[in-house]
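> what's the 3D shape of this:
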Amino acid sequence: MEWFIEANANLQVAELQRHIRIENLRTWCAAPPAILGEATQMGNPGAEHSDWGAWCVHREVIRDGVRFTLPAAVYALQWTLSAGGQLRAGMVGVHCTLNTVAPEAASVAAVAAFMEAWREGLEAGARRLQDERVAKVAAASAPCAPWFG
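Sure thing, here's the model as predicted:
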């Protein structure tokens, strides 16, 4: 089964690849515990514990974005965050799949909430990065004293 949504995040491919990592998934996605559980380890792969059990999260940098997989989780959940390609300008795509055509209703509901959490997290994260860029530019453009020419 698969899902696809777009987030109005205006993030570039390099920003997705640089900023979204296993150790900061919670910063980008307040996912339901049924999916991501509580982050217990940092790294690649990282260990996670959830209502679905304990498993490793793998991260891959791919063309146009980044992919996360839970190969040992129920239904081998995977999701991809991508920018560019066939997406509308300024949009980030979130594509998620389970390796079954008929998951349990609770799993479908958990994944739907997971996708919405990614939309909200990407949009909030893009605003956070933009605010950081504005602050850096403002700090760099401070007036110089006259003795610096």
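
> longest strand of the chain?
Taking DSSP state E as the criterion, the chain has its longest strand at strand 53-62.

> which of the helices and strands in this protein ranks last by mean pLDDT?
Sorting the helices and strands of the chain by mean pLDDT, DSSP states H and E puts strand 38-39 at the bottom, at a mean of 41.

> helices and strands around the next helix or strand after the longest strand of the chain, which ones?
Downstream of strand 53-62, the first helix or strand assigned by DSSP states H and E is strand 65-69. Here strand 65-69 touches helix 13-19, strand 53-62, strand 78-83, going by 3 or more C-beta pairs under 8 Å, 6 or more residues apart in numbering; DSSP states H and E. Placement of C-beta: from N, CA and C, glycine included.

> what mean pLDDT does strand 65-69 have?
The average pLDDT within strand 65-69 is 94.

> got the angle between it and strand 78-83?
170 degrees (axes from the mean of the first three to the mean of the last three C-alpha atoms, to 10 degrees).

> what's the angle between strand 65-69 and strand 53-62?
Going by the same axes, to 10 degrees, strand 65-69 makes 160 degrees with strand 53-62.

> so in that sheet, which strands flank strand 65-69, and in what orientation?
Next to strand 65-69 in the sheet, as set by DSSP bridges, lie strand 53-62 (antiparallel), strand 78-83 (antiparallel).

> can you give me the buried ones in the last one?
Under the neighbour-count criterion of 16 or more other C-beta atoms under 10 Å, strand 78-83 has Gln78, Trp79, Thr80, Leu81, Ser82, Ala83 buried.

> what comes up buried for the longest helix along the chain?
Criterion DSSP state H: the longest helix present in the chain is helix 105-140. Going by neighbour count (16+ other C-beta under 10 Å), the buried part of helix 105-140 is 107, 110-111, 114-119, 121-126, 129.

> what's the most distant pair in the buried residues of strand 78-83?
Gln78 and Ala83 (17.8 Å; C-beta to C-beta).
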